[in-house]
Structure formats: C-alpha cells, structure tokens
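> could you work out the structure for the sequence below:
(2 chains)
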Number of protein chains: 2
Amino acid sequence: MSTRVALLCGGVGGAKLARGLHLLNVELTVIVNTGDDFEHLGFLICPDIDTVLYTLSGQASRAQGRGREDERWSFMRVLRSLGGEDWFQLGDGDLALHTYRTERSRHGARLSEITAAVCRAWQIQSTVLPMSDEPVRTMVHTDEGVLPFQRYFVAGRCEPRTQAIRFAGADTARPARGVDEAIARADVVVIAPSNPYLSIDPILSVPGIRTAVDATRAPVIAVSPLIAGKAVKGPTDKLMRELGVEASHDAIATHYAPCLDGLLIHQGDAGPRGDLPVRIGDTLMRDDEDRMRVAREVLVFGEELAR
Amino acid sequence: MSTRVALLCGGVGGAKLARGLHLLNVELTVIVNTGDDFEHLGFLICPDIDTVLYTLSGQASRAQGRGREDERWSFMRVLRSLGGEDWFQLGDGDLALHTYRTERSRHGARLSEITAAVCRAWQIQSTVLPMSDEPVRTMVHTDEGVLPFQRYFVAGRCEPRTQAIRFAGADTARPARGVDEAIARADVVVIAPSNPYLSIDPILSVPGIRTAVDATRAPVIAVSPLIAGKAVKGPTDKLMRELGVEASHDAIATHYAPCLDGLLIHQGDAGPRGDLPVRIGDTLMRDDEDRMRVAREVLVFGEELAR
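This is a model prediction of the structure:
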C-alpha cells in the first residue's frame, strides 16, 4: 500500500513539492491555502489552488512557477486599452479556469467540488482540496494600513512593512470535506516549503485543521522554505525580519513548534537549536528530478520518525 | 454643418454601413439592436454593440466582420479542456470587452454609459447607443420550440424553422437616453442593411423608438439587406421564406412600409412594386471604399427625399 501523505501547501514552492510527491505515486492529498483568494473583475481567483492544479497537471509556467506555460496576454492588452484595472495579470488561458470556477460557484457549487472537477478534467490523480469551502481572507496589517493579500502581494509588491497578519473568517471556517479525514488517515503530514506566515498559517488558522494536525499520531514534517537565510521565491525572509524574527531554520522550527516532529533543511545551513529531529538535504527544486528528490527525503524522514 | 444621421443598426452588415458613414464624418448616432444580448458564463455579451464598436474603431476581423482581427483562442482551448460550455466562441481579446462591461454593469452602470466609455477609450467619435438600457430579448419561435436568439443563431446555426419572432421586454422598454433625441434631430434616419426581422424589428419594437421614427419629418431610408434575393451574410432570406414572405426588395419595402420614405437597392435587382422612391446602387460592402460609397448613396438619397 502506498504511503498516505497530507500536504499543507501554498503556491509556487508548495506546488513543487506537491508535484514531487505526486510523481512518486504516493496517496497524496494536497490541502491548499485559500487565504489569497479574491474577487477581481467579477472572477473568483484562487491563486494557490491554480498554481497547484497547473503544476500537478504539468501546465505551469516553467519560468514563473505560477500561471500557464506559453501563456498569452491579449486579454490584458485589450483590457488596458479600455482603461480597465490591470494591476493583476490574467493570462488568456488562465481566464478559462477563473471563468469556469466563478460560473460554477455562482450556481452554488462548493470550491472543493469545483476543484475536484478540474482534477478529473485534467486527469490529476492526487486529491486537491481547498483548506475550506468558506471564505478565509488573509489581511496584511502594514505601515500603509490593512491590505487584502493581493493588494499587498501583487499591487504593493510586498513593499509595505508588515506589522501583523490576520485571517478574516478563519475563526468560523470549517475544513473542506475530506481535509480532516486526510490528515487523520495520513502516514505523514507535510508542511510544504511555503511562506509560513502567508501560506501555511492561514491553513492552520482553521480550527478544525489545527485540531486534526495536533491530534494525528503520524509525524508532522516541515520542509523549510529558506536556503541560506533567504526564500527561494517570495517575501518570507523580508517578512520574518519585519515581524522581528530572524530569517533562520530555528525561527521556522519555533514557529511550527506546537505541532512539529521534524524539519528538513538545506545542506550547509545552520539547523535549529534544541532537540527537534532535523534532516539535511538539497531542498532547491528546479525541475521534476529535484522535486522527486525532496519528496523522497520527506518520505524517508517520515518513516524514520514514525518508528 | 455636417449632416445628422440616425442609423438603426444590427451586427455585421449594419456595422459596415455605420463605418462608411463614420468615415464620411457625418454627425452619426448608431442605435444598436440589443435583442441578441445574453448572459453566458457570467458575461453580459452584446454581440451587435461589440461588432459596431470593433468595426468603427477599425479592430473588427476583416474576414468575419464580427469579433477582433488577429483574435486568439487560448481561452476556448482551456475552457474545452475543463469541459466548459463551448458552443459560443469567445476570443481572448474579446473577453476583455465582455469582462469590462459585465463588471461595470454589476456595479450599476447602464449599458449606454458603458458603451460611451468604450467609445471614449477607443476614440470613436460617432455616438453608439444601445436601443435601450433595459433588457429586450429576441425569442425565436421555431419548430423545435422557443429559442433565445443565440441558441437559435449560434448553437442552432439558424437551422430550426422559424414560425414567429418575439421581443421579450420590448413593451415596457424605454429608449436609451439620447436615442429619441438623435432620431428627432436627424436630417435622415437610416435603416441599415441588417436582418429586418432579427436586427431591426427589435429596435422598432421599443415603443418610444417606433414613435420617434414615425414622428420624424426627416426622410427614413432603408438599405435593403438583399442582393439578388440573398442576404450577404446571415439567415435573412431563409427566414423570410420560412415566414411566408418572398425574399425580395418588395417584401423589405412592405415590411418597413409604415415608416419608410425610400429604399436603396442593389443594381440589377427588381425593385419593389408601388410608388416608393427607390435608389439603385452597388450595395455590396467589402472594404472601407465600398462602405463610404454606400454611405454617400444614402446621404444623397436623403437629400433628394428631403427636398
């Protein structure tokens, strides 16, 4: 029987590990952050789910890690000529996914149902679940005021100085159907090398998910998103410094401490203080070979910790 | 002072004459059929307004007469891969216009305001007005049941046999702001060579427009959509036969009789019976030269009739 893995996952970095596990044919459930989701130009956009769907189905942009490979931009060009809002890039092909989801959602389908339908259409064998079917919205409290995530991340280019991060709606959100079962049944629960504050915390802020992760007897392993004190992509290290935390594996370990059983870190980096089990490997994921290598490290680590 | 022209207009054929008049720098108001408008995949789509906007701004597909030149189809390809509804073709660039309109409409803007904003953005000097800001929907009664226009026209390829045509909502619809003024102030009112039953009748079915056309002292001229008993594009002649009418200029003249002062027909064709003033010219419009030529014929005819 193949290993059952529950992966808590954000966008680009998380999707890469998801792809690695997916290619190893484990029984994978990807539980995806929806705190970044937003309504824009009438579309319901779920950036992290999209990135996971494109990555697992082999359609993601190789250069960007998000969006579609060979994407085109006629829509944005014409929208700009009309004076429409152009701060968020919407690719021509990508728009079909937003349109499909928005239309089904408007007719009453849950986000988890829609995501499952996309997986079927694109023959993605792994299970992809939004963390919740109820809206949770990441709000970034900055020196320029409280910004919805995409306003901070895309329009603001992560430039405003962050003071705190809140997840509106999390208190009352329930895990999407299948999420807590996947965690309860997993042989290993993996926290992807996503941004802990912006991508993983929203998932763990859903009370039912937190409870399930705390309750599982399976090892909970995080892959640190830092390499040599920097994030491979995105603002993790900048954000950590702004929140008064050192950008280190130690800080990552401390952040996840209440539920963490082990941390996978990049070779040559200083590990966390204390006695948390640590595994060392090459955590940089440039291609599918790399992704499978990191996925294997995670599985071996999980088996060791389960003993 | 330039001639004031009010043009009642459908899609492709009407847009061509609109373009001809537009290029002659007359003071042009295009009053466009909205009976074809529909909601699809969450977008408010106004096919005839779009065709007029693309044609007047020089962006229309030269081969099709509708849609955008150099359009691309990534959206449709991805939508199809998702199992989405693909019976209506939505081009990548075209989607920006639908998105822009739908979003503004959802925020309370009237169709006429949105259309005016597009004209400003695309520097279209002529005035383009929807016949009404209130929904009027063309319903085609066929041997396969009552079909909303696009289901008949696109999905059904005009194949179902037509028994009658109704305009839902027309009874209570008011002309969009500016429509009756444009008709009242016009030196000539022109009925474009559009489908009389599917494109012009919906406009005239709005009581305030009918009244304005009946009341004007300016000549009302129609350009017949037939050449040698056939429509240049679309199902006009097929439809006329199904409705028990001969596909002839005589039938066109009879159809518009209550308000018509003159009919422009193609050279070599048999004219209508009776004493309606007729002008004969080359009404085929392949390029802008042709369009200006037909527009000139219309203006000269109008001046003659006004004497």
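> looking at chain A, which helix or strand is least sure?
The weakest-scoring helix or strand in chain A, judged by mean pLDDT, DSSP states H and E, is helix A:149-150 (a mean of 89).
> got a list of contacts for that one?
A:Gly35, A:Asp36, A:Phe38, A:His40, A:Pro47, A:Phe88, A:Arg137, A:Thr138, A:Met139, A:Val140, A:Leu198 (Cβ atoms under 8 Å, 6 or more residues apart in numbering or on different chains). No exception for glycine: its C-beta is placed from N, CA and C like everyone else's.
> the same query, at a cut-off of 10 Å, please.
Applying Cβ atoms under 10 Å, 6 or more residues apart in numbering or on different chains, the contact partners of helix A:149-150 are A:33, A:35-40, A:45, A:47, A:87-88, A:137-140, A:156, A:165, A:167, A:198, A:202.
> any idea where the helices of the stretch 1-150 of chain A begin and end?
A:12-23, A:47-56, A:74-81, A:94-106, A:111-121, A:149-150 (DSSP state H, counting those that start in this stretch).
> the stretch 151-300 of chain A now?
A:179-185, A:201-204, A:207-215, A:236-242, A:249-256, A:288-306.
> tell me which residues in the fourth one are buried?
Going back to what we said before, that points to helix A:236-242. A:Thr236, A:Asp237, A:Lys238, A:Leu239, A:Met240, A:Glu242 (16 or more other Cβ atoms under 10 Å in any protein chain shown).
> go ahead and confirm A:Val213 touches A:Ile221.
No - with contact defined as Cβ atoms under 10 Å, A:Val213 and A:Ile221 do not form a contacting pair (11.6 Å).
> for A:Asn33, phi and psi?
Dihedral angles of A:Asn33 (phi, psi; degrees, to the nearest 10) stand at phi -60, psi 130.
> how far away is it from B:Tyr54?
40 Å (Cβ to Cβ, to the nearest Å).
> what of A:Leu263?
From A:Leu263 to B:Tyr54 the distance is 57 Å (Cβ to Cβ).
> also A:Leu23?
45 Å.
> the more surrounded of these two?
The neighbour count for A:Leu23 versus B:Tyr54, taken as other Cβ atoms under 10 Å in any protein chain shown, is higher for B:Tyr54 (23 against 17).
> wait, the more buried one touches B:Ala18, no?
No - counting by Cβ under 10 Å, B:Tyr54 stays clear of B:Ala18, with 11.1 Å between them.
> hmm, back to that, now list the buried members of the contacts of helix A:149-150.
Buried among the contacts of helix A:149-150 by 16+ other Cβ under 10 Å: A:33, A:35-38, A:40, A:45, A:47, A:88, A:137-140, A:156, A:165, A:167, A:198, A:202.
> so A:Phe43 sits right up against A:Asp50, yeah?
No - checked against Cβ under 10 Å, the pair A:Phe43 and A:Asp50 is beyond contact range at 11.1 Å.
> what is in contact with these two at once?
A:Asp94, A:Leu97, A:His98, A:Arg101.
> how much space separates the second one from chain B?
Spatial separation of A:Leu97 from chain B under the definition Cβ to the nearest Cβ, to the nearest Å is 7 Å.
> again, but for the last one
Between A:Arg101 and chain B the computed distance is 9 Å (Cβ to the nearest Cβ).
> residues in contact with that residue?
A:43-46, A:49-50, A:109, A:111, A:114-115, A:117-118, B:82.
> the same query, at a cut-off of 8 Å, please.
Counting by Cβ under 8 Å, 6+ apart, the residues that A:Arg101 touches are A:Phe43, A:Leu44, A:Cys46, A:Leu111, A:Ile114, A:Val118.
> just the CA trace of stretch A:33-49, in PDB.
The C-alpha trace of stretch A:33-49 is given here as PDB (Å, rounded to 0.1, in the frame of the first residue of the first chain):
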ATOM      1  CA  ASN A  33      -4.200  27.800   1.300                       C
ATOM      2  CA  THR A  34      -7.200  29.900   0.100                       C
ATOM      3  CA  GLY A  35      -6.300  33.000   2.200                       C
ATOM      4  CA  ASP A  36      -5.000  34.600  -1.100                       C
ATOM      5  CA  ASP A  37      -8.300  34.100  -2.900                       C
ATOM      6  CA  PHE A  38     -10.100  37.200  -4.100                       C
ATOM      7  CA  GLU A  39     -12.700  38.600  -6.300                       C
ATOM      8  CA  HIS A  40     -11.300  40.600  -9.200                       C
ATOM      9  CA  LEU A  41     -13.200  41.900 -12.300                       C
ATOM     10  CA  GLY A  42     -16.000  39.600 -11.300                       C
ATOM     11  CA  PHE A  43     -13.800  36.500 -11.200                       C
ATOM     12  CA  LEU A  44     -13.200  34.300  -8.200                       C
ATOM     13  CA  ILE A  45      -9.500  33.800  -8.300                       C
ATOM     14  CA  CYS A  46      -7.700  31.200  -6.100                       C
ATOM     15  CA  PRO A  47      -4.000  31.700  -6.900                       C
ATOM     16  CA  ASP A  48      -2.600  28.900  -4.800                       C
ATOM     17  CA  ILE A  49      -5.200  26.300  -6.000                       C
END
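> before we move on, back to that, A:Phe43 and A:Asp50: which has the busier surroundings?
A:Asp50 (25 against 22).
> ok, now how distant is the residue nearest to the more buried one when sequence neighbours are not counted from A:Tyr54?
In space, and not counting its chain neighbours, A:Asp50 is closest to A:Leu97: 6.1 Å by Cβ to Cβ, 6 or more residues apart in numbering or on different chains. Relative to A:Tyr54, A:Leu97 is positioned 8 Å away (Cβ to Cβ).
> near chain B, which residues of chain A? Just list them.
Listed as neighbours of chain B in chain A under the rule Cβ under 8 Å from any Cβ of the partner chain: A:41-43, A:68, A:71-72, A:74-79, A:81-84, A:91-97, A:99-100, A:102-103, A:106, A:117-118, A:121-122.
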